[in-house]
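Colleague: All I have is the shape, not the residue letters:
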């Protein structure tokens, strides 16, 4: 089976993880709800932001302090976290982003402000 088959044949998240798929595969498969993924300890926001970093050529950004690291998201330059721990603002204007905005960005459910 593939990760995309998860709901059609009722495959458990842990079975998919044991099958060699990554947490990012689970997030982008659109098979699971946010709370199902969180309950399995998957850091959804981190993977989404790493996806943005990779697809928009983050290694060439002007301001990228702590991006794509293990550091808390609140320390990633241009990422703003609300009091509940959710990304609500991305301020990446004039930062040399190239490439394309990944579809996974829509999963940042609390994002209110995006400046690229």
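Modeller: Received the coordinates, thanks. Everything numeric in this text was worked out from a predicted model, so none of it was measured. Residues are numbered from 1 along each chain as shown.
Colleague: Pull the contacting residues for residue 89.
Modeller: For residue 89, the contact set (Cβ atoms under 8 Å, 6 or more residues apart in numbering) comprises 79-80, 111-114. (Each C-beta comes from the backbone N, C-alpha and C, glycine too.)
Colleague: So in that sheet, which strands flank the helix or strand in which it is found, and in what orientation?
Modeller: Secondary-structure element containing residue 89, defined by DSSP states H and E: strand 87-91. Next to strand 87-91 in the sheet, as set by DSSP bridges, lie strand 79-81 (antiparallel), strand 113-115 (parallel).
Colleague: Would you map the helices across this structure?
Modeller: Ranges of helices in the chain, per DSSP state H, are 13-18, 23-28, 34-39, 44-55.
Colleague: looking at the ones you listed, which has the lowest confidence?
Modeller: When the helices of the chain are compared by mean pLDDT, helix 13-18 comes last with a mean of 64.
Colleague: quick one: low-confidence ranges for this structure?
Modeller: 1-21, 23, 26-34, 38, 40-42 (pLDDT under 70).
Colleague: What residues does the nearest residue to residue 55 once chain neighbours are set aside make contact with?
Modeller: Leaving aside its chain neighbours, residue 55 sits nearest to residue 102 (4.6 Å; criterion: Cβ to Cβ, 6 or more residues apart in numbering). By Cβ under 8 Å, 6+ apart, the residues touching residue 102 are 48, 51-52, 55.
Colleague: Redo those as JSON lines? Include neighbour count.
Modeller: Shown next, in JSON lines, are the contacts of residue 102 (neighbours: other Cβ atoms under 10 Å):
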{"residue": "48", "neighbour count": "21"}
{"residue": "51", "neighbour count": "19"}
{"residue": "52", "neighbour count": "24"}
{"residue": "55", "neighbour count": "17"}
